[in-house]
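Chemist: for reference, the sequence and a predicted model appear below.
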Amino acid sequence: MMYMVKVEGFKFPQNLYYSKDHLWIELKENEAKVGFTSLGEALCKEIVHVDLPFEGDEKKQGDEIGSFETIKAVIRIHAPLSGKVTKTNNALYQQPDLINEEPYGKGWLFVITVNEPKLELKQLMDAKKATKYYKTIIDEEKAKFGEYDET
Amino acid sequence: MESVESLTKQELSKILDKAYAGTPINAEEAQQLLSIDNSQLPELLSISRMISDKKTDKTLIVYHKAFQPVSITGRSCTLNCKHCNQHYLRHMIPASDPEKLLRVCKNLRANHAPGVLLSGGSSKDGTIPLDEFADTIRRIKKETGLIISAHTGPINYEKAKILVEAGLDVALLDVVGSAETTRSVYGVDIAPDDYLKTLNDLNTAGIPNISPHICVGLHFGQLKGEAKALEMVSHAKVSTIAIVVLIPTKETSMAGILPPSPKDVAKVISIANLVFPNTPVSLGCVRPGKDYRAKIDEMAIKAGVSKLAIPTESSLECARSQGLKIKSYNDTMCCSVDESQLK
């Protein structure tokens, strides 16, 4: 069973690591499965197209590794850890909205075989730190635009 | 699509030679070009690309983030059009209260946004009730200095004048070239001539930038009024012609239809270049997703689009391979804004 932390309705599984640009990382030994958080996809609204890396691409932590297009913006994503891309979720080319519908499930993005997980993990956040950080993002959005639930 | 006899090789060459020499093609020729078969398409694209190169100096302008859209009607719309069914109101910040609208715009300014897109649901006549917010628009302009862009709908001179005096910078007007399409998709009777009247009223009222939008495939995915729409626009003074593409949107009655083919989109862009040899033609942000989006974008580059909103990676590679220079707006900017409007 996956334990979730909830922040204002957005879910963050406890077993994952998180980046400041809304990526989640599931690390199993040297394999990191990467996806987009429920907050990230909600801020983007509908994702209509994805550009994923190619399998075999070598990326350093922080390198641009892909992008999403929504109706109104291109959102660049950066490698959360250094390593080699070993798998990409090609289903997203036909169903990019899987990221919106199942951000922690079928909407995963890619898998990286990482070089130095322990060293680079310091740049990421665990669920506790992440939820504190994401709460500030939510508060900033509210402060910017007020409540969104006008009918 | 309206039935038009296909062109012979000689007839096609004659039209393309005329366009390349710098003479805009007329309505009849635009309609004929829309009917060419796919074997004739490369020739059209090639001439269109050359015309575009002349007007853009081989530079493609790309926009990575559009202006924040704000709905002045909140989540409500009277029309419930077949292609939208209020879906796209969900992408906008709702601000149907003047004070909230001002607050949202001040926050955009505080976050370094250069502009805002005022939009919303339509009234029964297809217009968006912007004139009711004229005082707020005036305050937004005065207190934030934002570039104010707005979807107006087919408004008249009096309303256009109110908006000019309030400080509207850019009027975005969806132009539909088929009354059958407005009736069957929007559920209102708006004839192509009504759009021409609005374009002229906007001109006369003195809106600094009028950027008509033409939606390829609005008629349930089929080409229908696109050439006529271009003809209507050709009679007015406009800043940018934005081509957008029908999205078969979920939870609408068009959810299951096929969008127009990338080749049809490329045809419309090419024809727009031939009708407007000196005006930028943009592929706007509204177009379908998935891998289809990359195909549309690449065809648009080949067809000589001058501006591209929210580009796919492959479209940028395609542009580079065609020898184009790329000028990027990485921060918020609307493809309809004229560079002369930027301070």
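Modeler: Yes, it's here. Residues are numbered from 1 along each chain as shown, chains lettered A, B, ... in the order given.
Chemist: what about chain A, any weak spots by pLDDT?
Modeler: Low-confidence segments of chain A (pLDDT under 70): A:1-2, A:144-151.
Chemist: give me the residue from chain B nearest chain A.
Modeler: B:Gly289 (2.6 Å; Cβ to the nearest Cβ). Every residue, glycine included, has its C-beta placed from N, CA and C.
Chemist: run a quick neighbour tally on the residue in chain A positioned nearest to chain B.
Modeler: At 2.6 Å from chain B, A:Val48 is the closest residue in chain A, using Cβ to the nearest Cβ. As a burial measure, A:Val48 scores 23 neighbours (other Cβ atoms under 10 Å in any protein chain shown).
Chemist: wait, is it part of a helix?
Modeler: No: secondary structure of A:Val48 (DSSP: H, G, I helix; E, B strand; the rest coil): strand, not part of a helix.
Chemist: ok, now how distant is it from A:Lys128?
Modeler: Between A:Val48 and A:Lys128 the distance is 33 Å, computed by Cβ to Cβ, to the nearest Å.
Chemist: same thing with B:Lys263?
Modeler: From B:Lys263 to A:Lys128 the distance is 53 Å (Cβ to Cβ).
Chemist: circling back to that earlier point, contacting residues for the nearest residue to the residue of chain B closest to chain A once chain neighbours are set aside?
Modeler: Counting by Cβ to Cβ, 6 or more residues apart in numbering or on different chains, A:Val48 is the residue found nearest to B:Gly289 once chain neighbours are left out, at 2.6 Å. By Cβ atoms under 8 Å, 6 or more residues apart in numbering or on different chains, the contact list for A:Val48 reads A:69-71, A:96-97, B:247, B:288-290, B:293.
Chemist: so which of those are in helices?
Modeler: Secondary structure defined by DSSP state H assigns B:290, B:293 of those to helices.
Chemist: can you lay out the contacts of A:Val48 as CSV showing neighbour count and distance to B:Leu34?
Modeler: Listed next are the contacts of A:Val48 as CSV, based on neighbours: other Cβ atoms under 10 Å in any protein chain shown; distance: Cβ to Cβ, whole Å:
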residue, neighbour count, distance to B:Leu34
A:Glu69, 28, 28
A:Thr70, 23, 30
A:Ile71, 20, 26
A:Pro96, 22, 30
A:Asp97, 17, 32
B:Ile247, 25, 21
B:Pro288, 21, 20
B:Gly289, 25, 25
B:Lys290, 17, 25
B:Arg293, 25, 22
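Chemist: all the strands of the stretch 101-250 of chain B, residue numbers only.
Modeler: Counting by DSSP state E, counting those that start in this stretch, the stretch 101-250 of chain B has strands at residues B:115-119, B:147-151, B:170-174, B:209-216, B:241-245.
Chemist: who's in contact with the first one?
Modeler: Spelled out, it's strand B:115-119. For strand B:115-119, using Cβ under 8 Å, 6+ apart, the contacting residues are B:66-72, B:92, B:101, B:104-105, B:108, B:128, B:130, B:133, B:137, B:140, B:146-151, B:169, B:172, B:332-334, B:337.
Chemist: which among the residues you listed end up buried?
Modeler: Buried members of those, counted by 16 or more other Cβ atoms under 10 Å in any protein chain shown: B:66-72, B:92, B:101, B:104-105, B:108, B:128, B:130, B:133, B:137, B:140, B:146-151, B:169, B:172, B:332-334, B:337.
Chemist: just those that are near chain A?
Modeler: B:66, B:68-69, B:104, B:108 (Cβ under 8 Å from any Cβ of the partner chain).
Chemist: please convert these to CSV, extending it with pLDDT.
Modeler: Listed next are those as CSV, based on pLDDT from 0 to 100:
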residue, pLDDT
B:Ala66, 95
B:Gln68, 94
B:Pro69, 95
B:Val104, 93
B:Leu108, 93
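Chemist: in JSON lines, list the residues you listed along with distance to B:Asp201.
Modeler: Output for these, formatted as JSON lines (distance: Cβ to Cβ, whole Å):
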{"residue": "B:Ala66", "distance to B:Asp201": "26"}
{"residue": "B:Gln68", "distance to B:Asp201": "27"}
{"residue": "B:Pro69", "distance to B:Asp201": "24"}
{"residue": "B:Val104", "distance to B:Asp201": "28"}
{"residue": "B:Leu108", "distance to B:Asp201": "29"}
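Chemist: now, these that are in helices?
Modeler: Using DSSP H, those in helices are B:104, B:108.
Chemist: brilliant, that's me finished.
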